[in-house]
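1. Turn this into a structure:
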Amino acid sequence: MKMSLGLQTDNLRMLRKLAVVAVLMFGFGYALVPIYKAICELTGINILALGEKELPGSGNARLSNPSNTQVDTTRTITVEFDANARGPWQFKPMQSSVEVHPGELTTVMYEFQNVQDRTMSAQAIPSYAPQQAASHFNKVECFCFNQYTLAPGEKKQWPVAFVVDPKLSKNVNTITLSYTFFEVGSKTPAAPAGTVSSVKLKEEGV
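-> Numbers count the residues shown, from 1 in each chain. Have a look, this model is predicted:
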């Protein structure tokens, strides 16, 4: 009988300890949210936790869009575009140049048309001037990544989305991106020198 009472007492003590542990765990879990938000706001790790500002004279909160701190707005680089069509087709950039800040995502379009009376497959190869810019010219999306098949007379426009690395030498103020479009199965042409021809672009109406 005494052993039974002692066992019951031990069970009650264990139950109380477990209840205390459960309450503490619940309280800790509940406190994690404000603690996490405070840490994120102090360190800036979670960008979504930043910038909840109240509008003046209003009780409503507004989530502001944080600026991209990786964009170097103190520098402007001119990116020129060139196109070389090695075959009976038309290939050109939709604009001759753009001005960008290092770290800024930019998208431009190139146009290609198969003017032959047969289906063809083709691909583009890029080149850069100056050559040192190649490792700092990061293409997020580019038609040069793939081969394309176009029907007779078919015209396509393709994007090039790129970011110029802020680590690019400050001595470089102009980059020329040149593409050579060649037919797959034919002899691959050598990459062009990478100097844009303004006369050629004007003749093409760019």
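
2. pLDDT weak spots in the protein?
-> By pLDDT under 70, the low-scoring segments of the chain are 1-7, 21-24, 26-69, 186-206.

3. okay, now the domains of it?
-> Domain ranges of the chain: 2-63, 77-203, per automatic domain parsing.

4. all strands of the chain, in order?
-> Using DSSP state E, the strands of the chain run over 52-54, 61-63, 77-85, 89-93, 97-100, 106-114, 120-129, 137-142, 148-150, 155-164, 174-183.

5. distance of Cys144 from Phe182?
-> Per Cβ to Cβ, to the nearest Å, Cys144 is found 11 Å from Phe182. C-betas here are computed from N, CA, C, even on glycine.

6. List the residues that are in contact with both of the two.
-> Contact criterion Cβ atoms under 8 Å, 6 or more residues apart in numbering; residues shared by Cys144 and Phe182: 123-125.

7. any chance of these in TSV, plus distance to Met109 and neighbour count?
-> Converted to TSV, the shared contacts of Cys144 and Phe182 look like this (distance: Cβ to Cβ, whole Å; neighbours: other Cβ atoms under 10 Å):
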residue	distance to Met109	neighbour count
Gln123	17	17
Ala124	13	23
Ile125	18	17
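
8. got a markdown table for the residues you listed, with distance to Leu177 too?
-> Shown next, in a markdown table, are these (distance: Cβ to Cβ, whole Å):
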| residue | distance to Leu177 |
| --- | --- |
| Gln123 | 16 |
| Ala124 | 11 |
| Ile125 | 12 |
